[in-house]
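Trainee: task: produce atomic coordinates for the following.
(2 chains)
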Amino acid sequence: MSDVKTVVIGVIGADVHAVGNKIMERILRDAGFKVVNVGVMASQDEFVHAAIETDASAIIVSSLYGHGELDCRGLREKCIEAGIGNILLYVGGNIVVGKQDFEEVKQRFLNMGFNRVYPPGTQVDEAIEDLRNDLGITATDRK
Amino acid sequence: MAIGAVVGYRRSAAGDWHRWAVRHTPAANVLAKSGVLTVDFGSTYTKVALIDMDESKLAGTAMAPTTVSTDITIGLAEAMAQLESRVDLSAFEIKHRLACSSAAGGLRMVAIGLVPDLTVEAARRAALGAGAKVVGSYGYELTAEDAAEIRSKNPDIILLTGGTDGGNKDVILKNATTLASSGVNAPVVVAGNRVVASKVRDILASAGLGVRVTENVMPEFGVLHIEPVRETIRQVFMERIVVAKGLAKAEEFAGGIVMPTPAAVLKAAELLARGTRSQPGLGDIIVVDVGGATTDVHSIAKGDPTKPGVMLRGLPEPYAKRTVEGDLGVRVSALALVEAVGPDKVVSLLGRETVMEIAGRLGCTPASPEPGGGEGAAEVDDGEAAALAALAIGKRLSEETERVPETPSERELDTVLAMLACREAVLRHVGVLETVYTPFGATYVQRGKDLSAVPVVIGTGGVIVRNESAWRILTEAVAENEAELTLRPRNPGLAVDRDYILSAAGLLAQVDADTALKVMRTSLEWVQRPDPAVSWRASAGR
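Mentor: The predicted model follows:
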């Protein structure tokens, strides 16, 4: 078995935005990751449980309906509690309501234990680049 | 068109002739009809059935109390003697003898996985689908206490899973090590992360445990792969459990004990739903089996949402799904049943007077308040007294498990208990719709199977097959109104397995599915006709 990294993705909370979720799944897969998609309207538990069972290296949370801050709070603590405290946590989308200063928003999510926080309009490629760096995947490992 | 019809006619005529020729070719026993004998070693009764294979019909059935504590063949011989008094056995050449068993506690299994909602649940479903009784399920790393508990439960088979293929491997390895040193001696079926499957096998085998490795029950996240696991469990059951349970002697008489009884019933239900190549099935069905100790519900249906725009969450559901409710039954579990649904339900269905009358006859009237007693005693009103009486009746029935109803009111009591068991078991089996309020308005989330459009519900089990008002019991499986959020069938036809032959048909299906289906069809008695458009659909067999 080759050393393919597994990534859990999904749209958290009562959020039903399904299209971006499918696109992300496709792009990540094409980039050589094993993708476990928990789909839309996923709870924190579903992300954590999927990550445990599949031995995932990262969880990428999407949120597009503005309630991201409420939905994501406590996710890192839940991971620690479940024994996967070192897993990478990324979040992106329209994660807060209204026109807030993104630097401030980013800091709030970093304080919540996320490793990377992306503003609206970020391309998936940017997150993939970060993922490779954070997981120590070198250029020769890429397919 | 015309030519095609002629060709078709010729072909079938030739087939008929061929069959006729085979049957009438002189042989050793020219007059003998071919028959298949099935035996179902139940926890209380041993049931035998003889199927006339030439006429594709049931030739006769008989039953006698199961004698597992002494010698299981005594009860079998008794049942066979009864069968002989009803059917001329010498007129048959028995081609196959097949048996299933739920005697000696049935197939008792422990299911071990990683995450409770994922591989533990997948393992439970696979075990249930194989006809087992799940006596314990465990997630994450087993503790020393867990291992001791598993040992004390003395399961027949342990199902060890955990991790998707390429996923977590530490936990299943640790759990194998814990099991290896725990002193359990049940065979272990391994159905976890394939990357470490052989290591897991070595760990267990080095401790002297019987191990069988099969495909991962959850190869990918959210993918349920239970068929190979079910089959492996069945093999282990055949090879080892039959001997371990003192049923080996029965094998000589009854042919191979090929599966646990619930697996035979599930098999029969699947056949009834799907049909065969030459006969259509019923399409989606639900089978409710109300017993003395448990109530089993089998649904053969995909259970996809029937409403538009419904979001499906949770583990995918098996097409053939079996659930077992250990606290719902009309004898051993009668008290648990009354407690689970509430004694008031019994009182309101049966009527206060009847409850008190039965309690009086069974000699279990709760202590009546003493005349001129304290304030507390005076507060026990009629309703409360009846509720207490209902509990006392439940307790008495769970002790007197052999009790056969003697009066109309006792028969009514059995019907009421079966109604409550049926209702509760089906409610637990079916999925539910949940309204979730999002910023875009209300959406529905479905968990479990949507069985609202299932066209047929079939009842089996002693209390149903011999009941004149079986329709009242089965009606409890039906949704009360359109707005109901539990996904019970809305408008199904209701049928009763009058000859009590579903398990026999499941066994027969092993050798001749077509005949098994024919026998079941003739045994089904409709107590409420299904919508003609949906019954025996020609397409269902494909």
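
Trainee: got the residues of chain A near chain B?
Mentor: Within chain A, the positions lying close to chain B (CB under 8 Å from any CB of the partner chain) are A:1, A:4, A:6, A:14-16, A:34, A:36, A:38-41, A:45-46, A:49-50, A:52-56, A:65-67. C-beta: built from backbone N, CA, C; applies to glycine.

Trainee: list phi and psi for the spatially most central residue of chain A.
Mentor: In chain A, the residue lying closest to the centroid (CA atoms, centre = their mean) is A:Ile60, at 0.9 Å. Here is the backbone geometry of A:Ile60 (degrees, to the nearest 10): phi -110, psi 110.

Trainee: ok, A:Arg116 next?
Mentor: Dihedral angles (degrees, to the nearest 10) for A:Arg116: phi -140, psi 140.

Trainee: which regions of the chain lie under the pLDDT threshold?
Mentor: By default, I'm working from chain A. Along chain A, the parts satisfying pLDDT under 70 run over A:1-2, A:139-143.

Trainee: other chain: chain B
Mentor: Within chain B, the stretches with pLDDT under 70 are B:1-30, B:366-380, B:532-542.

Trainee: which bits of it sit near chain A?
Mentor: So chain B meets chain A at B:114-115, B:117-119, B:162-164, B:166-169, B:195, B:218, B:220-222, B:311, B:313, B:436-440, B:443, B:445 (CB under 8 Å from any CB).

Trainee: drop anything exposed from those residues.
Mentor: For those, a neighbour count by 16 or more other CB atoms under 10 Å in any protein chain shown gives the buried set as B:114-115, B:117-119, B:162-164, B:166-169, B:195, B:218, B:221-222, B:311, B:313, B:443, B:445.

Trainee: in strands, which of those fall?
Mentor: B:311, B:313, B:443, B:445 (DSSP state E).

Trainee: so where does B:Leu58 fall, helix or strand?
Mentor: B:Leu58 is located in strand B:57-65, with elements delineated by DSSP states H and E.

Trainee: how about B:Thr515?
Mentor: With DSSP H and E as the criterion, the answer for B:Thr515 is helix B:513-523.

Trainee: show residues contacting that helix.
Mentor: B:36, B:51, B:53, B:56-58, B:268, B:271-272, B:275-276, B:278-279, B:281, B:497-499, B:501-502, B:504-506, B:508-509 (CB atoms under 8 Å, 6 or more residues apart in numbering or on different chains).

Trainee: hmm, 7 Å instead?
Mentor: Helix B:513-523 is touched from outside by B:51, B:53, B:56-58, B:268, B:271-272, B:275-276, B:278-279, B:497-499, B:501, B:505, B:508-509, with contacts defined as CB atoms under 7 Å, 6 or more residues apart in numbering or on different chains.

Trainee: neighbouring strands - and their directions - for the helix or strand that it is followed by?
Mentor: Sequence-wise, the next helix or strand downstream of helix B:513-523 (DSSP H and E) is strand B:524-528. Strand pairing for strand B:524-528, using DSSP bridges, gives strand B:493-497 (antiparallel).

Trainee: tilt between the strand it pairs with and helix B:513-523?
Mentor: 100 degrees (axes from the mean of the first three to the mean of the last three CA atoms, to 10 degrees).

Trainee: related to what we said a few turns ago, now the two most distant members of the ones in strands among the buried ones among the residues of chain B next to chain A.
Mentor: Farthest pair in those (CB to CB) is B:Arg313 and B:Thr443. Separation: 11.2 Å.

Trainee: quick revisit: can you mark which positions in the helix holding B:Thr515 are buried?
Mentor: B:513-520, B:523.

Trainee: what's the neighbour count on residue 39?
Mentor: Assuming you mean chain A. 18 (other CB atoms under 10 Å in any protein chain shown).

Trainee: let me rephrase: I mean chain B.
Mentor: 25.

Trainee: what do you get for B:Pro280?
Mentor: Count around B:Pro280 with other CB under 10 Å applied: 17.

Trainee: how close does it get to B:Pro455?
Mentor: Using CB to CB, to the nearest Å, B:Pro280 is found at 13 Å from B:Pro455.

Trainee: narrow the contacts of helix B:513-523 to those that are buried.
Mentor: B:51, B:53, B:56, B:58, B:268, B:271-272, B:275-276, B:279, B:497-499, B:501, B:505, B:508-509.

Trainee: so how far is stretch B:101-109 off the chain centroid?
Mentor: In terms of CA atoms, centre = their mean, to the nearest Å, the centre of stretch B:101-109 is set 12 Å apart from its chain centre.

Trainee: just the CA atoms of that stretch, as PDB, please.
Mentor: In PDB, the C-alpha atoms belonging to stretch B:101-109 read as follows (Å, rounded to 0.1, in the frame of the first residue of the first chain):
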ATOM      1  CA  SER B 101     -31.500 -24.000  14.500                       C
ATOM      2  CA  SER B 102     -32.100 -21.400  17.100                       C
ATOM      3  CA  ALA B 103     -32.000 -23.900  19.900                       C
ATOM      4  CA  ALA B 104     -29.400 -23.700  22.800                       C
ATOM      5  CA  GLY B 105     -29.600 -19.900  22.800                       C
ATOM      6  CA  GLY B 106     -29.300 -19.500  19.000                       C
ATOM      7  CA  LEU B 107     -26.100 -18.100  17.500                       C
ATOM      8  CA  ARG B 108     -24.700 -15.700  20.100                       C
ATOM      9  CA  MET B 109     -22.200 -13.100  18.800                       C
END
